[in-house]
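Asks: Coordinates for the following, if possible.
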Amino acid sequence: MTKRIDGDNKTLMTSVYDRLRLDIVDGELRPGGKLRFEELKERYGIGLSPLREALTRLASEKLVVLEEHKGFHVAPISRADLLDLLFMRQEVEVLGIRRSIEAGDDAWEAGIVGAIHALGKRDSLTSDGHIDPEWERRHHAFHDSLVAASGSPRLMFLRAQLTDHADRYRRLSHHYQRSGRDHLAEHTAIADAVIARDPIAAERLIRAHLARTVEIILDSDDLQIIAQDK
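Replies: Model prediction:
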């Protein structure tokens, strides 16, 4: 059932942008799928102008692709893209953590302690084997806390974009959800290294943590969801 979005044009664009982004990241709009204006207008209860603005904004974030004479498509996925995403996430996370270790105060440390405590009080999966939305929120909050003292708004902005792309791969892979991974142990080890102001250990652990996610996805039987490189 279509939910109509009310408000002025800017509010309309922001609302449909948020919903489109979520549907792309969640896999509701499949990679490579054509984004037809008439279908999207009906789906989101929105006019053409704010819809086009939202798609253009998503194209600037590489979640949507605009091809001449072909229109808008959901960004495709590939093994090469996933590995490039891993490289960028590792570099940005390491930089953010190193800067935060250098500049962070007691309040920053307390934020990490609170975030890991909250994360540990929630199971990562629901009873039906899907990623729990509240755990996901706490998971994001934990990773955000590690770099919260980086002092770089641009770094945080880039991190948010990279996280959206990484979330899309994770949510498209059913094998990721069934991997039996000890998330809490990994996150606790990272938190301990960061709070101990040990940048070498923190870098090693965050790189391994992010790489493990990619390894699970690439080793899965779900690779039909990831376009293989020719």
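
Asks: Going by C-alpha atoms from here, please, whenever you check contacts or count neighbours.
Replies: Noted.

Asks: By residue count, tell me the biggest helix in this structure.
Replies: helix 79-103 (DSSP state H).

Asks: Show me what counts as buried in it.
Replies: Neighbour-count burial for helix 79-103 flags 79, 82, 85-86, 89-90, 92-101 (criterion: 16 or more other C-alpha atoms under 10 Å).

Asks: before we move on, what about stretch 113-122?
Replies: For stretch 113-122, the buried set under the neighbour-count rule, 16+ other C-alpha under 10 Å, comprises 113, 115, 116, 119, 120, 122.

Asks: Which helix or strand in this structure has the lowest average pLDDT?
Replies: In the chain, the helix or strand scored least confidently by mean pLDDT, DSSP states H and E is helix 174-177, which has a mean of 58.

Asks: Heading C-terminal from it, find the next helix or strand.
Replies: Stepping forward along the backbone from helix 174-177, the first helix or strand reached (DSSP states H and E) is helix 183-195.

Asks: what are the phi and psi angles of the residue of the chain most remote from its centre?
Replies: The outermost residue of the chain relative to its centre, with distances by C-alpha atoms, centre = their mean, is residue 69 at 30.0 Å. Main-chain dihedrals, residue 69, degrees, to the nearest 10: phi 70, psi 0.

Asks: Just the pLDDT at it, thanks.
Replies: Residue 69 carries a pLDDT score of 80 in this model.

Asks: what do you get for residue 10?
Replies: Residue 10 carries a pLDDT score of 69 in this model.

Asks: other SSEs contacting the longest helix of the chain?
Replies: Packing contacts for helix 79-103, counted by 3 or more C-alpha pairs under 8 Å, 6 or more residues apart in numbering; DSSP states H and E, involve helix 133-146, helix 153-172, helix 183-195, helix 199-218.

Asks: for the helix or strand following it, packing partners?
Replies: Counting by DSSP H and E, the element after helix 79-103 in chain order, helix or strand, is helix 106-120. Secondary-structure packing of helix 106-120 (3+ C-alpha pairs under 8 Å, 6+ apart): helix 133-146, helix 183-195.

Asks: now the ones you listed in a markdown table, with distance to residue 209?
Replies: What follows is the helices and strands packed on helix 106-120, written out as a markdown table (distance: least, C-alpha to C-alpha, whole Å):
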| stretch | distance to residue 209 |
| --- | --- |
| helix 133-146 | 11 |
| helix 183-195 | 7 |
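
Asks: wait, which of the ones you listed is closest to residue 44?
Replies: In terms of C-alpha to C-alpha, the element of the helices and strands packed on helix 106-120 nearest to residue 44 is helix 133-146, at 22.1 Å.

Asks: In this protein, where is pLDDT below threshold?
Replies: Low-confidence regions of the chain, defined by pLDDT under 70, span residues 1-10, 174-180, 221-230.

Asks: and if we set it to 50?
Replies: Of all residues in the chain, those with pLDDT under 50 make up the ranges 1-7, 228-230.

Asks: Tell me the secondary structure of residue 65, please.
Replies: strand (DSSP: H, G, I helix; E, B strand; the rest coil).
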